[in-house]
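Visitor: no FASTA, just this:
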């Protein structure tokens, strides 16, 4: 019996129509669920197995960030504004959601490069590498969210019942991160400078987004915040968890639509180009 080889034809896929293309992507993701989990497990063990304090880093990083801003505020260097809840709860909850984006984007953008020659020697869906990489950010979020729960008890603060909606509220920022992760993983495979630029850019974005300080109400920062989708994707879930409501729900809905659009467009581009780019990594 002759050997049957499966050949990907990304340029021809679009000729079948967009609905057929989406169906093809869905079937590919569904059939590779087990492989995605294996990559996630491999990445998780690689990160924490050789670390002395392991998963505790997920606790330490937000505490250091929060502590730094507290010191800057008390020294009069930086004003965190008026916070209606204990600052530790406000800041750690915000940074846990922020790191879904920051950690997720860094992990996904490096996913193809880290796979090395494997993606050339073995014929498999490269999307599994990107999706598995977002799992690192989800694990960090869960650990940090546990820290938030502990802080609720320490400060004797009762969150709103809408905290049960947290898994739904973070879906938009996950889609937003995955969308850009697909594109950046391709670009990083061709231009290795992307990884270094991205680290700097994410740090810069964090200072432009009210993660560790209250929402600006005037000046240039207020204008930047108004048009920053990350502001809505982070602060609205935090507000709903803490207060049960938010004044920026419309912005959150618009940002959610943008996130879905980004995810769909980027995964389609990745699907059509992954095999060609993989040859250059």
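Guide: Cool, got the structure. None of the values given here were measured: they were computed from a predicted structure.
Visitor: just to check, residue 195 is in contact with residue 108?
Guide: No. When contacts are counted by Cβ atoms under 8 Å, residue 195 is not listed as touching residue 108 (11.3 Å). In short, each C-beta sits where N, CA and C put it, glycine included.
Visitor: ok, now how distant is residue 202 from residue 43?
Guide: Taking Cβ to Cβ, to the nearest Å as the criterion, residue 202 is separated from residue 43 by 19 Å.
Visitor: no wait, residue 200
Guide: If you measure residue 200 against residue 43 using Cβ to Cβ, the figure is 23 Å.
Visitor: cool, and residue 246?
Guide: When Cβ to Cβ is the yardstick, residue 246 and residue 43 sit 34 Å from each other.
Visitor: one more: residue 268?
Guide: Distance, residue 268 to residue 43, using Cβ to Cβ: 25 Å.
Visitor: and residue 41, what helix or strand is that in?
Guide: With the criterion set as DSSP states H and E, the secondary-structure element containing residue 41 is helix 33-48.
Visitor: so what secondary structure elements neighbour that helix?
Guide: Under the contact criterion of 3 or more Cβ pairs under 8 Å, 6 or more residues apart in numbering; DSSP states H and E, the helices and strands touching helix 33-48 comprise helix 127-154.
Visitor: give the buried residues for the helix it packs on.
Guide: Neighbour counts using 16 or more other Cβ atoms under 10 Å place 127-137, 139-141, 143-145, 147-148, 151-152 of helix 127-154 among the buried residues.
Visitor: so which elements touch it?
Guide: Helices and strands touching helix 127-154, by 3+ Cβ pairs under 8 Å, 6+ apart, are helix 18-31, helix 33-48, helix 57-74, helix 87-109, helix 111-115, helix 171-190, helix 249-278.
Visitor: please redo it, this time with the cut-off set to 6 Å
Guide: If you count contacts as 3 or more Cβ pairs under 6 Å, 6 or more residues apart in numbering; DSSP states H and E, helix 127-154 packs onto helix 33-48, helix 57-74, helix 87-109, helix 111-115, helix 171-190.
Visitor: tell me the helix or strand right after it.
Guide: helix 166-169.
Visitor: start to end distance for stretch 163-172?
Guide: For stretch 163-172, the first-to-last residue distance is 16 Å (Cα to Cα, to the nearest Å).
Visitor: in this protein, which helix or strand is least confident?
Guide: Among the secondary structure pieces of the chain, namely its helices and strands, helix 10-13 has the lowest mean (mean pLDDT, DSSP states H and E), a mean of 50.
Visitor: quick check: which ranges of the stretch 151-281 of the chain have low pLDDT?
Guide: Within the stretch 151-281 of the chain, the segments meeting pLDDT under 70 span 277-281.
Visitor: if we use 80, what do you get?
Guide: Along the stretch 151-281 of the chain, the parts satisfying pLDDT under 80 run over 189-196, 212, 274-281.
Visitor: isn't residue 89 right next to residue 153, touching?
Guide: No. Between residue 89 and residue 153 there is no contact under Cβ atoms under 6 Å: 10.6 Å.
Visitor: which SSE is residue 239 in?
Guide: Secondary structure here is read from DSSP H and E; on that basis residue 239 sits in helix 229-243.
Visitor: in that helix, what counts as buried?
Guide: Along helix 229-243, the positions that meet the burial threshold by neighbour count (16+ other Cβ under 10 Å) are 229-242.
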